[in-house]
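> need a 3D model of the sequence below.
(one chain, ligands or ions: 1)
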Amino acid sequence: MAGVGQLTLRLVASDELTAAQVARLHELMQDAFAGDEHGGFTEEDWQHALGGTHFLLESDGAIVCHASVVTRELHVAGVPLKTAYVEAVATDPGLQGQGLGTQVMRAVGDFIDAGDWQIAALGTGSQAFYERLGWRIWRGPSFVRTKSGDVATPDEDGYIMVRLTPRSPALRPDAPISCEVRPGDVW
Ligand SMILES: CC(C)(COP(=O)(O)OP(=O)(O)OC[C@H]1O[C@@H](n2cnc3c(N)ncnc32)[C@H](O)[C@@H]1OP(=O)(O)O)[C@@H](O)C(=O)NCCC(=O)NCCS
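Below is the predicted model of the structure:
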């Protein structure tokens, strides 16, 4: 297992990423999601990670772990909530299991708590990793809001996780939850 060097965490807006950072992030996502059962990390997945704030954890100047936070509008029981949606969480495969993902997700949690989001959410198959960081599997049925109405997304049920923020209203954890439609994976 490779060793972790001097660590630096940078928060960078999507439109301020350098070309070199974008290239490295593409490489990191491809490497980290190579064994993913859903066909790896797609261009649509990358697009989903843009438009917000990137958390870049560098080891000796090289990006080794990433997450991004974008704003979406989820509805819980029909109530619109300004949502911090976490995308593209990945650690360099050679450096996994050494606390880097935890460090990034703790910073993401602090950032979200300091903002004005009413809930945080993400979609994942790595539920245990997030549970220890305060995220909970949403127990209600999930939907996507389309022009022709809400469409159930049953394949996503059990894979959507949420984290309450200081601005979260009281929420029934078994209530229906919906997201806006987007290209690629909607959740
Ligand atoms: C999930 C991921 C980001 C975790 O990053 P990491 O740097 O390895 O995480 P950490 O070292 O901080 O792990 C903290 C703990 O979570 C556990 N953990 C790590 N990945 C996990 C996973 N996929 N599922 C369950 N637990 C996991 C670790 O074993 C560790 O537990 P320990 O301290 O008891 O050993 C990393 O495994 C990864 O990039 N995976 C591929 C891409 C991916 O699946 N991303 C997240 C899904 S959206």
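> mind listing the strands for this protein?
7-13, 53-59, 62-76, 79-91, 119-123, 136-137, 142-146, 149-152, 160-164, 177-180 (DSSP state E).
> next one: the last one to chain centre, how far?
A distance of 15 Å separates the centroid of the chain from that of strand 177-180, by CA atoms, centre = their mean, to the nearest Å.
> mean confidence score for it?
Here strand 177-180 scores 98 as its mean pLDDT.
> swap in the second one?
For strand 53-59, mean pLDDT is 98.
> what residues does that strand touch?
4-14, 17, 21, 25, 63-69, 95, 100, 103-104, 107-108, 111 (CB atoms under 8 Å, 6 or more residues apart in numbering). C-beta coordinates here come from the backbone N, C-alpha and C atoms, glycine included.
> just to revisit the earlier point, between the strands of the chain, which gets nearest to residue 187?
strand 119-123 (4.1 Å; CB to CB).
> packing partners of that closest one?
strand 62-76, strand 79-91, strand 160-164 (3 or more CB pairs under 8 Å, 6 or more residues apart in numbering; DSSP states H and E).
> if we go to 7 Å?
The contact analysis (3 or more CB pairs under 7 Å, 6 or more residues apart in numbering; DSSP states H and E) places strand 119-123 against strand 79-91, strand 160-164.
> near the ligand, which residues of this protein show up?
Where the chain comes near the ligand, counting by CB under 6 Å from any ligand atom, the residues are 32-33, 65, 89-91, 96-102, 124, 126, 128-129.
> now the buried members of those.
With burial judged by 16 or more other CB atoms under 10 Å, the buried subset of the residues of the chain next to the ligand is 32-33, 65, 89-91, 98, 100-101, 124.
> ok, which pair from the residues you listed is furthest apart?
Spatial extent of those (CB to CB) is set by the pair 98 and 124 at 19.6 Å.
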